[in-house]
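Q: Pasting the sequence and the predicted model now:
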Amino acid sequence: MDMRICISRAIYSTLKQHGIERIRGWTLRTARNRMRLARSRRAAYRGIEVRTERIPTQCALILAAFALYGNALAEPAAVHGALEGTRFGLYTGSDFRLLDGACADCTTVPQALWYFRDDMIAVPRRPASGFVAGFSAQDDVRAWLLSHPAGDQSMPPLLWVGAPLVAEGARLPFSVVPKIDTNLSYYDESSERHFAGRSLRLRGRIEEGRFVARTIWPEDYALDAARVPYRPLGPGESLESLVRSENGGAALPLAARVLWRRNSNSWNGKTVLAVMLNGAQGDDDEAHAGHFAIATGAFGPRGEWGDWLVNNFYNLDSVSEKGIIAASLPMDNYLADLNSGQSWYRPSYMLVAVLKDERAARLYQEGIGRVYNHFYRHDFSYRHASANCAGISMETLRSIGWMIPTEGTSGRVKAALALPYMTLKERSLESGRNAYDYLSVEVTDLYPFAAFQAAGRDLLERVPAGRGAPGTAYERMLAEDLDAVLYVRIPQFPSSRAFGQAPVASMDEYMKRAPADRSKWKIVPVAPRPFPAELRDPASAGDPPRASLYALGAYALALLIGAVWIWRWVWQMRTRRLRRRNGREAWVASGG
């Protein structure tokens, strides 16, 4: 049944219930006629039931009904299933089935389904990305690429959809899903003011006749090629300065500019490979470094990008306070889910490579699908130093052939000194090991901001200039297909949460921003999420040793050598004293 039918029925029932036959020309006959008219139109959603409820004031009820009816006729929301007439990145909704993680006949690895037992996911109808047990994730991707240089047309193992319905062209008012108990902030009056009067795309479900939104996406976020200005980086400008300007721009409107272009006059249907950087949170001192992800998809006819597929990595072994689970998911969910969406707690920045062919984006999506299989199986664990959101994404790009230049570590000497210093200062060996791990890892694998800048510089400078030059097959593919590079600044949605800012790009900057007294850090505690032993594969490659383990071995060896040297020095000194004493005694005994 169409939403207009529901509202007309609500008005008709309300008037009849209260015995009111005429209000300013409105009659029960008019209500019935409007109901017949609405029925004659194609219903956007079938099976909706509306129950009218009495409230103390008849006038308020009737006026509210009229307001809803007027809005519905002026701007009707098209409500449809989450898979109907939609896209998920490079794929259509019809390529998937919508269900929960309790699926018994899915080909998706059972370890992945376990994380979504009580949530809604889309699983592929065609063969999904595979994996090779016993290989590390990146070794698997490299081996797969050798045998499938153009990819294998495999599908993502699963997509986190979260809701069964989509409402397009919606406007306030509507209901929202409840706040997760552990989420410290939420949608409030400032959020309502922000979205008032705007056309919105919602994900959610129908409950008691009302649409309950889980995701709120502004449809005016569309990026029309004719309206986005061409403004390359000018003198004194850099990607870093764009991100840091206006303290990160959390409270500013969405802004976009073309930084490089070849001949892209229209982006309608053009494929994209996007690099996403999320800023620092304003209420969590453990989140100043921000977050990182890679997205694939295609522009819609009006420049829509809310259905791009974002490949998001988070720690699977803890329960996120915002309900985040590592997965491939639509962009609108990634940024605008009311609990887990990044735009509810920090600003974001995006570099979009507009491509004339989908081959480069599809190759990445197929490769990262294999990484997800290893990740869900716990063939490797999320590590904030060596295998975080930036590291997993960047190393997968390098594994498929985009050799984004590395920048080295924060300093081996600094790392070597930090291990004993932090161990003694915090009275914790684990603190010392963490400090060593952070300082000894490649910075583009550690800091999302460093990864964003490295990928962006390569996309703007080396890749376009290297067209036809020797390089990997993937880099040649990018160079041939690249039409434009966009920079997009995405604001934070107003809510009860403090505004975020630009992320930090180094350990020194991190320590300057966070309180010197660690006891004053704002930290959101999270509960562990133990992985079931029965889902572990004995053939799993497992995590590689942490860098700090080798450092501890080196320190242990150094201490052992030092102890042996000291023992030998003490023994030699003792031997010399004994010889001197024996020599004096012999001299005295001889009458000297």
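A: Good, I have the coordinates.

Q: Residue 306 falls within a helix, correct?
A: No. Secondary structure assignment (DSSP: H, G, I helix; E, B strand; the rest coil) places residue 306 in coil, not in a helix.

Q: Am I right that it is in contact with residue 221?
A: Yes. Proximity of residue 306 to residue 221 meets the contact threshold set by Cβ atoms under 8 Å, at 6.9 Å. Every residue, glycine included, has its C-beta placed from N, CA and C.

Q: Domain parsing of the chain, as residue ranges.
A: What automatic domain parsing lists as the domains of the chain is 3-76, 87-147, 223-407+442-528.

Q: gap between the longest one and the chain center?
A: On the basis of Cα atoms, centre = their mean, to the nearest Å, domain 223-407+442-528 sits 8 Å off its chain's mean C-alpha point.

Q: What pLDDT does the model give the residue most central in space within the chain?
A: What sits nearest the mean C-alpha location of the chain, by Cα atoms, centre = their mean, is residue 312, with 3.9 Å. If you check residue 312, the pLDDT there is 98.

Q: Let me see the contact set for it.
A: Applying Cβ atoms under 8 Å, 6 or more residues apart in numbering, we find residue 312 in contact with 293, 324, 326-329, 334, 389.

Q: Dump the residues you listed to CSV, plus distance to residue 133 and neighbour count.
A: Output for the contacts of residue 312, formatted as CSV (distance: Cβ to Cβ, whole Å; neighbours: other Cβ atoms under 10 Å):
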residue, distance to residue 133, neighbour count
293, 26, 26
324, 27, 20
326, 20, 21
327, 21, 27
328, 21, 24
329, 26, 28
334, 29, 28
389, 24, 25
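
Q: Same list (those) but as TSV, adding secondary structure, distance to residue 146 and pLDDT.
A: Shown next, in TSV, are these (DSSP: H, G, I helix; E, B strand; the rest coil; distance: Cβ to Cβ, whole Å; pLDDT from 0 to 100):
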residue	secondary structure	distance to residue 146	pLDDT
293	strand	26	98
324	coil	34	97
326	coil	27	98
327	strand	27	98
328	strand	24	98
329	strand	30	98
334	helix	31	98
389	helix	27	97
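
Q: quick one: which of these is nearest residue 154?
A: residue 328 (12.7 Å; Cβ to Cβ).

Q: related to what we said a few turns ago, looking at the domains of the chain, which is closest to residue 576?
A: When the domains of the chain are compared by Cβ to Cβ, domain 223-407+442-528 sits nearest residue 576, at 48.4 Å.

Q: Spatially nearest residue to residue 274, not counting backbone neighbours?
A: Using Cβ to Cβ, 6 or more residues apart in numbering and skipping residues adjacent in sequence, the residue nearest residue 274 is residue 295, 4.1 Å away.

Q: hang on, that neighbour in a strand?
A: Yes. Residue 295 forms part of a strand when assessed by three-state DSSP.

Q: and it, what are its bridge partners?
A: Counting by DSSP bridges, residue 295 is bridged to residue 274, residue 310.

Q: Just confirm it contacts residue 278, I think it does.
A: No. Contact criterion Cβ under 8 Å: residue 295 and residue 278 do not qualify, at 12.0 Å.

Q: Same drill for those two, tell me which one is more crowded.
A: Set residue 295 next to residue 278 and count neighbours by other Cβ atoms under 10 Å: residue 278 wins out with 29 against 26.

Q: And the pLDDT at that one?
A: As predicted, residue 278 sits at a pLDDT of 98.

Q: so which helix or strand takes in residue 445?
A: Applying DSSP states H and E as the criterion places residue 445 in helix 443-446.

Q: What are the contacting residues of whichever helix or strand comes after that helix?
A: On the C-terminal side of helix 443-446, the nearest following helix or strand under DSSP H and E is helix 448-457. Residues from elsewhere that reach helix 448-457, judged by Cβ under 8 Å, 6+ apart: 238-240, 243, 275, 277-278, 289-292, 349, 351, 389-390, 393-394, 397, 404-407, 443-445, 502-506.

Q: Tell me the buried residues in helix 448-457?
A: Neighbour counts over helix 448-457 (16 or more other Cβ atoms under 10 Å) mark 448-457 as buried.

Q: how about CSV for those residues, with pLDDT and distance to residue 551 added?
A: As requested, these are exported to CSV (pLDDT from 0 to 100; distance: Cβ to Cβ, whole Å):
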residue, pLDDT, distance to residue 551
448, 97, 25
449, 98, 26
450, 97, 22
451, 98, 24
452, 98, 29
453, 98, 28
454, 97, 26
455, 97, 29
456, 97, 32
457, 96, 31
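
Q: Show me the two of those that sit farthest apart.
A: Going by Cβ to Cβ, the pair spanning the buried residues of helix 448-457 furthest: 448 and 457, at 15.0 Å.

Q: Done for today, thanks.
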